[in-house]
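S.K.: How does the following fold in three dimensions:
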Amino acid sequence: SENLNADKIRKITIVTGEAAYPLISELVDETTKKWHNLRINTIKIKNKFLGDKITVAGLLTGKDIIEGLSNVDLGDELLIPRVSLRHEGDMFLDDVTVEQMAKVLGVRVVPVSNDGEDFLNALLGKK
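M.R.: Below is the predicted model of the structure:
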């Protein structure tokens, strides 16, 4: 069903690059208006690896994401842009793996594609 368990608050964090941040924030706002038990923290990650001028999510590194999330309450799950991983879907540009990120941050890490339906399902915990 499209309804989350109404009793359970779902707290998640989403990371994205600077370019997509306004769009992702808008989508998150619309989603939380409909699903009131969603608590979503959207974090914009600066690209230190390649420089500030690089603002696309596809070129974010594991280290930059981990550093950008220090002192952030990540909640139950961290959603990352699938495009920041290599083709095989297991590793960032800087060779940090999804598993390493999950271990360092102590949270489940879920790569999400740029597809709207996939994104919504990930927000709702239906992946």
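
S.K.: hey, let's count contacts and neighbours off CA atoms from now on
M.R.: Noted.

S.K.: In stretch 115-127, which residues are buried?
M.R.: Phe119, Leu120, Ala122, Leu123, Leu124 (16 or more other C-alpha atoms under 10 Å).

S.K.: Stretch 36-46 now?
M.R.: Along stretch 36-46, the positions that meet the burial threshold by neighbour count (16+ other C-alpha under 10 Å) are Asn37, Leu38, Arg39, Ile40, Asn41, Thr42, Ile43, Lys44, Ile45, Lys46.

S.K.: mind listing what Gly68 touches?
M.R.: With contacts taken as C-alpha atoms under 8 Å, 6 or more residues apart in numbering, Gly68 has the following neighbours: Ile43, Ile45, Lys46.

S.K.: make it 6 Å
M.R.: For Gly68, the set of contacting residues under the criterion of C-alpha atoms under 6 Å, 6 or more residues apart in numbering consists of Ile45.
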